[in-house]
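Novice: Here is a sequence together with a model predicted from it:
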Amino acid sequence: MLLRDFVAQLNSQSPQLSATLNVADFVRFATLAAEALHIAGESLRLTSTRFTLIPFLATALSPGYPHDLYSELWRIMFAILPSCRINPSATVRKFGMQEDLTTKLPERFLRAPFSQCLVCCSNGHSHNLHVHSRLNGYLYDVDGVHTIETVILCCSITVVWTADQLCGTFYRPSFYTRDGLRHYYTNKMGRDQDYLHVHCHYYMTCRLAYMFRIIQMLAHVSHFNLVNWFNQIFVDDSDVATFTPRQGFTPSLSEEVCRDGLILHSLINHADRRGSFLAVTSSGTDSIRFDSEIELHLNQLDIEGSRYRDHYCSSCVRLTPGGVDPDTGEVIYKSPHLSNCRKSLDLLDSPHLKALAQRSWQTSTIGIAPTTFQSWVGAVKHNPALSQRVKIARLATT
């Protein structure tokens, strides 16, 4: 049916609908109604005069014209609805990377959430970012591998914002690079919550990283087995699009990308919880890039604990002052060393050393002899290695 014929039919059969229906509402109705008819047409025995799905369409679309006109639009469009159905995501996935296309269309374009340079803005200037380059790659998600294009932005190096230095800051979708460091964006800066940039060509969604962590927690699955499972389902037996016939990178998930992606997501989550940001070196290999941040995080755990930092297993035990247990009639034993052990914490002059000693005391040393605990406190206080760990943790928390 030609568009002019449909318009003439609409004018003749429902003048009120023709006077109130706009193009956006018409396209949205045709798209959703065609999909609904494809899904439920046979089961619900839908016809042009059977309006079973009208309440659903009215709720989902919330149009700007009266709801009682939905049945009119359904009746007029019913004959052409089957030919209106299209799956945009599947169409882009199937045809967007054809070799004969002069302009290819990957499934997603990823770029930094800024239009002006953060470094220059902090120095009292406001310089627009420019497209530096584009990089093809893949995004790993729970539903498979998706083609993406990374848009790399940079601050114009022709503008001098200090007396003797050019800016030259580069912005990628998850971080910006400056002075040999990768500074990952925080939530307040507008970081995309769906994915993180892991390696050069590769991204991983947060929900895939979470799913991998749950699988590892429940079944103790190695990175190697996670990679094999993912590739067997989504890569080996699937027609994953490539950008060029002989491209230098593969759509398959590698063990390195899997491992570093899970590490990066964990470090980002820890930084978000602490209200800080993650910064790693931009040089060297990916295998050692996160080592220093992992060490800092583990040292902080020694000081502040996990996300349940005020909880200790020994604190869950119900302590009673003594006497007889009213439930069993047994005599309750109270250790004579508890108060002395608590007083020994005062020997530590550093609040962080006290926190570390308090954690060890509450989890493993309740009821030990006072002399033993005092000896342990002295060892903590004069242990160079432990003191260095505390200094690093203090630096990271300030």
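Specialist: Cool, the structure landed. Residues are numbered from 1 along each chain as shown.
Novice: In this structure, where is pLDDT below threshold?
Specialist: 122-124, 157-165, 303-322, 325, 332-398 (pLDDT under 70).
Novice: Tell me who's in contact with R172.
Specialist: 112, 150, 152-153, 197 (C-beta atoms under 8 Å, 6 or more residues apart in numbering). Heads up, the C-betas are built off the backbone N, CA and C, glycines and all.
Novice: now for stretch 9-22, what's the gap between its first and last residues?
Specialist: End-to-end distance of stretch 9-22 (C-alpha to C-alpha, to the nearest Å): 16 Å.
Novice: Give me the contacts around it.
Specialist: 7, 64-66, 69, 72-73, 76.
Novice: Just the ones in strands from those, please.
Specialist: Among these, none falls in strands (DSSP state E).
Novice: Go ahead and measure how far stretch 39-54 is from the middle of the chain.
Specialist: 40 Å (C-alpha atoms, centre = their mean, to the nearest Å).
Novice: Look up which residues are beta-bridged to I152.
Specialist: S133 (DSSP bridges).
Novice: cool, H197 as well?
Specialist: Assigned bridge partners for H197, using DSSP bridges, are Y203.
Novice: Could you list the alpha-carbon positions for stretch 143-157 in PDB?
Specialist: What follows is stretch 143-157, C-alpha atoms only, in PDB (Å, rounded to 0.1, in the frame of the first residue of the first chain):
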ATOM      1  CA  ASP A 143      24.100 -12.100  25.200                       C
ATOM      2  CA  GLY A 144      27.300 -12.400  23.100                       C
ATOM      3  CA  VAL A 145      29.900 -10.300  21.300                       C
ATOM      4  CA  HIS A 146      29.000  -6.900  19.900                       C
ATOM      5  CA  THR A 147      30.900  -4.800  17.400                       C
ATOM      6  CA  ILE A 148      31.800  -1.300  18.600                       C
ATOM      7  CA  GLU A 149      33.800   1.700  17.500                       C
ATOM      8  CA  THR A 150      35.800   3.700  20.000                       C
ATOM      9  CA  VAL A 151      36.000   7.400  19.500                       C
ATOM     10  CA  ILE A 152      39.200   8.800  21.000                       C
ATOM     11  CA  LEU A 153      39.100  12.500  21.900                       C
ATOM     12  CA  CYS A 154      41.900  14.800  22.800                       C
ATOM     13  CA  CYS A 155      42.500  18.300  24.000                       C
ATOM     14  CA  SER A 156      43.900  20.500  21.200                       C
ATOM     15  CA  ILE A 157      47.600  20.500  21.500                       C
END
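Novice: between the contacts of R172, which is nearest G190?
Specialist: Closest to G190 out of these is A112 (8.8 Å), distances taken as C-beta to C-beta.
Novice: The residue lying closest to that closest one once chain neighbours are set aside: what's it in contact with?
Specialist: Distance criterion C-beta to C-beta, 6 or more residues apart in numbering; nearest residue to A112, sequence neighbours excluded, is Y171 at 3.8 Å. By C-beta under 8 Å, 6+ apart, the contact set of Y171 is 111-112, 114, 117, 129, 152-155.
Novice: Can you lay out these as CSV showing distance to A19?
Specialist: Formatted as CSV, the contacts of Y171 follow (distance: C-beta to C-beta, whole Å):
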residue, distance to A19
R111, 43
A112, 46
F114, 45
C117, 51
L129, 47
I152, 50
L153, 47
C154, 52
C155, 53
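Novice: Would you mind writing the ChimeraX command to select the buried ones in those?
Specialist: Restricted to buried positions by 16 or more other C-beta atoms under 10 Å, the ChimeraX selection for the contacts of Y171 reads:
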select :111,112,114,117,129,152,153,154,155
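Novice: after the longest helix seen in the chain, next one along is what?
Specialist: When the chain is parsed with DSSP state H, its longest helix is helix 255-274. Downstream of helix 255-274, the first helix or strand assigned by DSSP states H and E is strand 279-281.
Novice: any idea which of the contacts of R172 is closest to V92?
Specialist: Taking the contacts of R172 together and measuring to V92 by C-beta to C-beta, the closest member is T150, at 17.4 Å.
Novice: doesn't the closest one fall inside a strand?
Specialist: Yes. Under DSSP: H, G, I helix; E, B strand; the rest coil, T150 sits within a strand.
Novice: my read: it touches L135, true?
Specialist: Yes. Judged on C-beta atoms under 8 Å, T150 makes contact with L135 at a distance of 4.2 Å.
Novice: Break down the stretch 201-350 of the chain into its strands, ranges please.
Specialist: Per DSSP state E, counting those that start in this stretch, the stretch 201-350 of the chain carries strands over the ranges 202-205, 279-281, 323-324, 331-332.
Novice: mind checking how far D236 is from E107?
Specialist: 20 Å (C-beta to C-beta, to the nearest Å).
Novice: name the helices or strands packed onto the longest helix of the chain?
Specialist: Where contact means 3 or more C-beta pairs under 8 Å, 6 or more residues apart in numbering; DSSP states H and E, helix 255-274 is packed against strand 195-197, strand 202-205, helix 206-219, helix 223-234, helix 291-304.
Novice: quick revisit: closest to L298 out of the contacts of R172?
Specialist: H197 (24.0 Å).
Novice: so who does that closest one touch?
Specialist: 110, 150, 172-175, 203.
Novice: try 7 Å this time
Specialist: 172-175, 203 (C-beta atoms under 7 Å, 6 or more residues apart in numbering).
Novice: With F277 instead?
Specialist: F277 touches 183-184, 186, 271, counting by C-beta under 7 Å, 6+ apart.
Novice: Then T169?
Specialist: Here T169 is in contact with 117, 119, 154-155, 176-178 (criterion: C-beta under 7 Å, 6+ apart).
Novice: Which members of these are positioned in helices?
Specialist: Among these, the members falling in helices (DSSP H) are V119.
Novice: what's the burial count for T242?
Specialist: 16 (other C-beta atoms under 10 Å).
Novice: I should have written I214 there, sorry.
Specialist: 10.
Novice: With P15 instead?
Specialist: What P15 shows, counting by other C-beta under 10 Å, is a neighbour count of 10.
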